[in-house]
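# Please work out how this folds:
(one chain, ligands or ions: 1)
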Amino acid sequence: MTRIKLRPIRIDDAERCLRWVSDPTVHAFLGLLEPARTLEQERSWIANILTDKEHQSAFVIENEAGDPIGTCGLRGINREFGTALFGIMIGETGLWGQGYGTAATEALLDYAFGELGLDEVRLSCHRENRRALRCYEKAGFRLSSHVPERPQFGREEVRMAIARKEWLALRSGAKPHRDTTRKTRA
Ligand SMILES: CC(C)(COP(=O)(O)OP(=O)(O)OC[C@H]1O[C@@H](n2cnc3c(N)ncnc32)[C@H](O)[C@@H]1OP(=O)(O)O)[C@@H](O)C(=O)NCCC(=O)NCCS
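Here you go, the predicted model:
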(Lines give C-alpha, C1' and ligand atoms only; values in the text may rest on other atoms or scores of the structure.)
Protein backbone atom coordinates (compact mmCIF):
# COMPACT_ATOMS: atom_id res chain seq x y z
CA MET A 1 0.00 0.00 0.00
CA THR A 2 1.31 3.46 -0.92
CA ARG A 3 2.04 5.54 2.15
CA ILE A 4 1.36 9.23 1.92
CA LYS A 5 0.84 12.02 4.39
CA LEU A 6 -1.38 15.09 4.06
CA ARG A 7 -0.14 18.27 5.66
CA PRO A 8 -1.92 21.66 5.60
CA ILE A 9 -0.79 23.87 2.74
CA ARG A 10 1.45 26.86 3.56
CA ILE A 11 2.20 30.13 1.79
CA ASP A 12 5.74 28.94 1.09
CA ASP A 13 4.29 26.09 -1.02
CA ALA A 14 3.27 28.69 -3.64
CA GLU A 15 6.34 28.35 -5.85
CA ARG A 16 6.08 24.57 -6.01
CA CYS A 17 2.32 24.71 -6.67
CA LEU A 18 2.86 27.22 -9.47
CA ARG A 19 5.41 24.89 -11.08
CA TRP A 20 2.91 22.03 -10.91
CA VAL A 21 -0.10 23.90 -12.32
CA SER A 22 2.06 25.46 -15.03
CA ASP A 23 2.81 21.99 -16.41
CA PRO A 24 0.41 21.55 -19.35
CA THR A 25 0.10 17.81 -18.63
CA VAL A 26 -1.13 18.60 -15.13
CA HIS A 27 -3.46 21.51 -15.80
CA ALA A 28 -5.03 20.00 -18.92
CA PHE A 29 -7.83 18.46 -16.89
CA LEU A 30 -7.82 20.70 -13.85
CA GLY A 31 -10.70 22.91 -14.97
CA LEU A 32 -8.83 26.10 -14.17
CA LEU A 33 -10.19 29.00 -16.14
CA GLU A 34 -6.75 30.61 -16.14
CA PRO A 35 -4.21 27.79 -15.95
CA ALA A 36 -0.98 29.79 -15.89
CA ARG A 37 -0.90 31.91 -12.76
CA THR A 38 1.71 34.20 -11.27
CA LEU A 39 3.50 33.52 -8.00
CA GLU A 40 1.57 36.41 -6.45
CA GLN A 41 -1.74 34.89 -7.57
CA GLU A 42 -0.69 31.51 -6.25
CA ARG A 43 0.21 33.05 -2.88
CA SER A 44 -3.11 34.84 -2.62
CA TRP A 45 -4.95 31.62 -3.60
CA ILE A 46 -3.28 29.89 -0.63
CA ALA A 47 -3.81 32.89 1.69
CA ASN A 48 -7.50 32.88 0.79
CA ILE A 49 -7.78 29.20 1.70
CA LEU A 50 -6.00 29.77 5.01
CA THR A 51 -8.34 32.62 5.97
CA ASP A 52 -11.53 30.82 4.95
CA LYS A 53 -11.11 27.45 6.68
CA GLU A 54 -14.84 27.30 7.29
CA HIS A 55 -15.46 26.72 3.56
CA GLN A 56 -12.26 25.27 2.15
CA SER A 57 -9.16 23.33 3.04
CA ALA A 58 -6.05 22.32 1.11
CA PHE A 59 -3.24 19.90 1.81
CA VAL A 60 0.13 19.12 0.36
CA ILE A 61 0.56 15.42 -0.36
CA GLU A 62 3.91 14.09 0.84
CA ASN A 63 5.35 10.75 -0.23
CA GLU A 64 7.12 8.17 1.97
CA ALA A 65 10.31 10.26 1.90
CA GLY A 66 8.42 13.38 3.03
CA ASP A 67 8.77 15.03 -0.39
CA PRO A 68 5.84 17.14 -1.61
CA ILE A 69 4.28 15.51 -4.69
CA GLY A 70 0.94 17.28 -5.10
CA THR A 71 -2.06 18.88 -3.46
CA CYS A 72 -5.63 17.95 -2.66
CA GLY A 73 -8.46 19.65 -0.86
CA LEU A 74 -12.07 20.53 -0.37
CA ARG A 75 -13.92 23.65 -1.42
CA GLY A 76 -17.49 24.76 -1.05
CA ILE A 77 -17.67 23.12 2.36
CA ASN A 78 -21.29 23.47 3.46
CA ARG A 79 -21.69 22.57 7.13
CA GLU A 80 -25.48 22.92 6.96
CA PHE A 81 -25.92 20.36 4.17
CA GLY A 82 -22.79 18.38 5.08
CA THR A 83 -21.32 18.56 1.57
CA ALA A 84 -18.06 19.62 -0.10
CA LEU A 85 -16.31 19.45 -3.47
CA PHE A 86 -13.10 17.45 -3.83
CA GLY A 87 -10.06 18.28 -5.96
CA ILE A 88 -6.58 16.79 -6.43
CA MET A 89 -3.39 16.99 -8.47
CA ILE A 90 -0.25 14.89 -8.28
CA GLY A 91 2.10 17.58 -9.58
CA GLU A 92 5.10 15.27 -9.99
CA THR A 93 3.92 13.59 -13.18
CA GLY A 94 6.70 10.98 -13.07
CA LEU A 95 4.89 9.50 -10.07
CA TRP A 96 1.52 9.00 -11.77
CA GLY A 97 0.15 5.48 -11.79
CA GLN A 98 1.80 4.41 -8.55
CA GLY A 99 -1.23 4.68 -6.30
CA TYR A 100 -0.45 8.08 -4.79
CA GLY A 101 -3.61 9.71 -6.18
CA THR A 102 -5.84 6.98 -4.75
CA ALA A 103 -4.07 7.00 -1.38
CA ALA A 104 -4.39 10.79 -1.11
CA THR A 105 -8.06 10.67 -2.12
CA GLU A 106 -8.74 8.06 0.55
CA ALA A 107 -6.86 10.11 3.16
CA LEU A 108 -8.84 13.23 2.27
CA LEU A 109 -12.12 11.30 2.50
CA ASP A 110 -11.08 10.17 5.99
CA TYR A 111 -10.57 13.83 6.87
CA ALA A 112 -13.87 14.93 5.27
CA PHE A 113 -16.05 12.27 6.89
CA GLY A 114 -13.98 11.76 10.04
CA GLU A 115 -12.73 15.16 11.17
CA LEU A 116 -15.28 17.37 9.43
CA GLY A 117 -18.19 14.94 9.84
CA LEU A 118 -19.54 15.61 6.34
CA ASP A 119 -22.36 13.55 4.80
CA GLU A 120 -21.34 13.61 1.14
CA VAL A 121 -18.24 14.53 -0.89
CA ARG A 122 -18.73 15.38 -4.56
CA LEU A 123 -16.48 16.05 -7.50
CA SER A 124 -16.58 17.08 -11.11
CA CYS A 125 -14.17 15.64 -13.67
CA HIS A 126 -13.43 15.91 -17.38
CA ARG A 127 -15.08 12.95 -19.10
CA GLU A 128 -11.83 12.06 -20.87
CA ASN A 129 -9.73 12.12 -17.70
CA ARG A 130 -9.73 8.32 -17.44
CA ARG A 131 -6.84 8.21 -15.01
CA ALA A 132 -8.65 10.47 -12.54
CA LEU A 133 -11.96 8.61 -12.96
CA ARG A 134 -10.24 5.31 -12.21
CA CYS A 135 -8.47 6.83 -9.20
CA TYR A 136 -11.80 8.14 -7.81
CA GLU A 137 -13.54 4.84 -8.48
CA LYS A 138 -10.83 2.96 -6.55
CA ALA A 139 -11.26 5.36 -3.62
CA GLY A 140 -15.03 4.66 -3.55
CA PHE A 141 -16.66 7.46 -5.54
CA ARG A 142 -19.66 6.49 -7.65
CA LEU A 143 -20.99 8.11 -10.80
CA SER A 144 -23.79 10.57 -10.07
CA SER A 145 -24.38 12.31 -13.42
CA HIS A 146 -23.06 13.43 -16.76
CA VAL A 147 -23.08 17.14 -17.47
CA PRO A 148 -23.20 18.23 -21.09
CA GLU A 149 -20.43 20.47 -22.35
CA ARG A 150 -20.48 23.85 -20.63
CA PRO A 151 -19.39 26.84 -22.71
CA GLN A 152 -17.01 28.23 -20.08
CA PHE A 153 -15.04 24.97 -19.88
CA GLY A 154 -15.64 23.64 -23.38
CA ARG A 155 -15.85 20.09 -22.13
CA GLU A 156 -18.20 17.41 -20.95
CA GLU A 157 -18.07 16.66 -17.25
CA VAL A 158 -18.73 13.62 -15.13
CA ARG A 159 -19.96 14.11 -11.60
CA MET A 160 -19.20 11.63 -8.87
CA ALA A 161 -20.02 11.41 -5.17
CA ILE A 162 -19.48 9.31 -2.10
CA ALA A 163 -21.83 9.34 0.88
CA ARG A 164 -20.85 8.92 4.48
CA LYS A 165 -22.42 5.46 4.77
CA GLU A 166 -20.50 4.29 1.67
CA TRP A 167 -17.25 5.57 3.18
CA LEU A 168 -18.06 3.76 6.44
CA ALA A 169 -18.73 0.52 4.53
CA LEU A 170 -15.37 0.81 2.74
CA ARG A 171 -13.53 1.47 5.98
CA SER A 172 -15.10 -1.65 7.43
CA GLY A 173 -13.70 -3.76 4.61
CA ALA A 174 -16.20 -3.63 1.71
CA LYS A 175 -14.67 -3.19 -1.75
CA PRO A 176 -15.91 -0.50 -4.16
CA HIS A 177 -18.24 -2.48 -6.41
CA ARG A 178 -19.02 -0.08 -9.21
CA ASP A 179 -17.17 0.34 -12.47
CA THR A 180 -17.84 4.01 -13.19
CA THR A 181 -15.00 4.13 -15.71
CA ARG A 182 -16.82 1.62 -17.88
CA LYS A 183 -20.16 3.40 -17.45
CA THR A 184 -18.69 6.70 -18.62
CA ARG A 185 -17.52 5.25 -21.92
CA ALA A 186 -19.64 6.25 -24.91
C1 LIG B 1 -5.66 12.17 -11.52
C2 LIG B 1 -4.45 11.92 -10.65
C3 LIG B 1 -4.63 12.61 -9.30
C4 LIG B 1 -4.28 10.41 -10.44
O5 LIG B 1 -3.14 10.20 -9.65
P6 LIG B 1 -2.32 8.80 -9.76
O7 LIG B 1 -1.34 8.80 -8.66
O8 LIG B 1 -1.81 8.65 -11.13
O9 LIG B 1 -3.51 7.77 -9.48
P10 LIG B 1 -3.38 6.21 -9.09
O11 LIG B 1 -2.04 5.68 -9.47
O12 LIG B 1 -3.79 6.07 -7.67
O13 LIG B 1 -4.54 5.55 -9.98
C14 LIG B 1 -4.59 5.77 -11.37
C15 LIG B 1 -5.35 4.62 -12.02
O16 LIG B 1 -5.72 5.03 -13.34
C17 LIG B 1 -5.33 4.00 -14.24
N18 LIG B 1 -5.16 4.63 -15.55
C19 LIG B 1 -4.11 5.34 -16.02
N20 LIG B 1 -4.37 5.75 -17.28
C21 LIG B 1 -5.61 5.30 -17.61
C22 LIG B 1 -6.45 5.40 -18.77
N23 LIG B 1 -6.05 6.08 -19.85
N24 LIG B 1 -7.67 4.81 -18.73
C25 LIG B 1 -8.10 4.14 -17.64
N26 LIG B 1 -7.34 4.01 -16.51
C27 LIG B 1 -6.12 4.59 -16.50
C28 LIG B 1 -4.08 3.45 -13.61
O29 LIG B 1 -3.75 2.20 -14.18
C30 LIG B 1 -4.55 3.36 -12.16
O31 LIG B 1 -5.47 2.30 -11.96
P32 LIG B 1 -5.05 0.83 -11.44
O33 LIG B 1 -4.40 1.01 -10.09
O34 LIG B 1 -6.34 0.07 -11.37
O35 LIG B 1 -4.08 0.26 -12.44
C36 LIG B 1 -3.15 12.46 -11.35
O37 LIG B 1 -2.97 11.80 -12.56
C38 LIG B 1 -3.18 13.96 -11.62
O39 LIG B 1 -2.86 14.74 -10.73
N40 LIG B 1 -3.57 14.38 -12.85
C41 LIG B 1 -3.53 15.80 -13.26
C42 LIG B 1 -4.54 16.64 -12.50
C43 LIG B 1 -5.92 16.04 -12.58
O44 LIG B 1 -6.35 15.55 -13.62
N45 LIG B 1 -6.65 16.12 -11.45
C46 LIG B 1 -8.01 15.63 -11.38
C47 LIG B 1 -8.96 16.64 -11.90
S48 LIG B 1 -10.65 16.05 -11.85
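
# drop to CA atoms for contacts and neighbour counts, all remaining ones
Fine.

# and the chain, which residues reach the ligand?
26-27, 29-30, 88-91, 96-102, 125, 130-132, 134-135 (CA under 6 Å from any ligand atom).

# give the contact list for residue 25.
residue 93 (CA atoms under 8 Å, 6 or more residues apart in numbering).

# for the nearest residue to residue 161 once chain neighbours are set aside, phi and psi?
Sequence neighbours aside, residue 122 is the residue nearest to residue 161 in space, at 4.2 Å (criterion: CA to CA, 6 or more residues apart in numbering). Per-residue torsions, residue 122: phi -120, psi 160 (degrees, to the nearest 10).

# Run through the neighbouring helices and strands of the longest helix along the chain.
As assigned by DSSP state H, the longest helix anywhere in the chain is helix 39-51. Packed against helix 39-51, as judged by 3 or more CA pairs under 8 Å, 6 or more residues apart in numbering; DSSP states H and E, are the following elements: helix 14-21, strand 57-62.

# Deepest-packed of the ones you listed, please.
Across the helices and strands packed on helix 39-51, averaging neighbours per residue (mean count of other CA atoms under 10 Å) puts strand 57-62 on top, at a mean of 23.

# returning to that earlier point: for the helices and strands packed on helix 39-51, which one sits closest to residue 107?
strand 57-62 (9.8 Å; CA to CA).

# neighbouring strands for the closest one, and are they parallel or not?
Using DSSP bridges, the strands paired with strand 57-62 are strand 5-8 (antiparallel), strand 68-78 (antiparallel).

# follow-up on the earlier one: just checking, the residue nearest to residue 161 touches residue 82?
No - assessed by CA atoms under 8 Å, residue 122 is found out of contact with residue 82, at 10.9 Å.

# So the two - more neighbours on which side?
residue 122 (19 against 16; other CA atoms under 10 Å).

# what ranges do the strands span in the protein?
5-8, 57-62, 68-78, 83-90, 120-126, 142-150, 155-163 (DSSP state E).

# Since that was my last question, I'll sign off now.
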